[in-house]
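J.: need coordinates for the below:
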Amino acid sequence: MDELERWYREKQAERTIQALKKNNFEALFVLDAKAAYEEVMKRIPDGATVGIGGSVTLTQMGLPEALEKRKIHLIWPMRQARNDEERLDLIRKSFSSDVFLSSTNAITEDGKLFNIDATGNRVGAMFIGPKKTIIISGVNKLVKDIDEAEKRVREWAAPQNAKRLKRKTPCVETGVCADCNSPDRICNIYVTLAKKPTRTEVVVILVGENLGI
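T.: Prediction:
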């Protein structure tokens, strides 16, 4: 990220943080992944049950591995499950966690969170079930509005994630969503958090560098 882009992203981040707060989310900006890591760790008390949604951002930050060493009960379906049945059981348990950690596919400048998911476990836990959800996002996921958010996911994030997960979908080959009917499709559920959910505390940590897909 060059200096001009950094300046633009910081101004965009300032607008977005204020908009998120206006929409009743707790929102804060930190300079880098290290600061975000420290912010998350201090918000998780010993003894807590912590669920983790699938996220390249969290993996890049080293959070799941660090949490394995904490005195908490960690629910990490993608790592801990030995088969699909166990994975589904762990996903269900993560909905009753004290803290749920995830990233997001896009954040709009007017303070909305936009996500596309395959099964819904990640997006579902953002708005119901866990007592608190902490969402970490790099500034690369900032967009102007919902239309731009959907475009970002369909033309970039979803094809890249499908490729990462070794899915057999047209977008893996073309790099662009074709609204396919493949059984491996990951774009099944579209969710927008326009305001903070009524019964879930949501914290958005915006990081001043590129993270995730």
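
J.: count the neighbours of residue 129 for me.
T.: Around residue 129 there are 18 other residues, counting by other CB atoms under 10 Å. (Glycine included, C-beta is placed from N, CA and C.)

J.: ditto for residue 197
T.: Residue 197: 15 neighbours (other CB under 10 Å).

J.: ok, now residue 88?
T.: With other CB under 10 Å as criterion, residue 88 counts 14.

J.: what's the answer for residue 207, then?
T.: Based on other CB under 10 Å, the number of other residues close to residue 207 is 27.

J.: same check on the one 3 residues further on?
T.: Number of residues near residue 210 (other CB under 10 Å) recorded here: 16.

J.: what helix or strand is it on?
T.: Counting by DSSP states H and E, no helix or strand carries residue 210.

J.: what distance do you get for it to residue 160?
T.: 13 Å (CB to CB, to the nearest Å).

J.: just to check, residue 100 is in contact with residue 48?
T.: No: Residue 100 is beyond contact range of residue 48, at 10.8 Å (criterion: CB atoms under 8 Å).

J.: those two: which is more packed in?
T.: In this view residue 100 and residue 48 are compared by other CB under 10 Å, and residue 100 has more residues nearby, 28 against 18.

J.: buried sites along the strand or helix carrying residue 172?
T.: Assigned by DSSP H and E, residue 172 belongs to helix 170-174. Neighbour-count burial for helix 170-174 flags 170, 171, 172 (criterion: 16 or more other CB atoms under 10 Å).

J.: that one packs against which elements?
T.: When contacts are defined as 3 or more CB pairs under 8 Å, 6 or more residues apart in numbering; DSSP states H and E, helix 170-174 packs onto helix 158-164.

J.: what does the helix it packs on contact?
T.: Residues outside helix 158-164 that contact it (CB atoms under 8 Å, 6 or more residues apart in numbering) are 56, 116, 169, 171-172, 174-177, 184, 186-187, 213.

J.: just the buried members of those residues?
T.: 56, 116, 169, 171, 172, 177, 186, 187, 213.

J.: tell me the pLDDT of the second one.
T.: On the pLDDT scale, residue 116 is placed at 95.

J.: how near is it to residue 99?
T.: For residue 116 relative to residue 99 (CB to CB), the value is 23 Å.

J.: now the last one
T.: Going from residue 213 to residue 99 by CB to CB gives 23 Å.

J.: got it, and the fifth one?
T.: For residue 172, the distance to residue 99 under the criterion CB to CB works out to 33 Å.

J.: and for the third one?
T.: Separation of residue 169 from residue 99 (CB to CB) stands at 32 Å.

J.: wait, what's in contact with residue 139?
T.: The contact partners of residue 139, by CB under 8 Å, 6+ apart, come to 9, 10, 12, 13, 206, 207, 208, 209, 210.

J.: which among those gets closest to residue 40?
T.: Residue 40 lies nearest to residue 207 out of these, by CB to CB, at 10.7 Å.

J.: what bridges to that closest one?
T.: Per DSSP bridges, the residues bridged to residue 207 are residue 30, residue 138.
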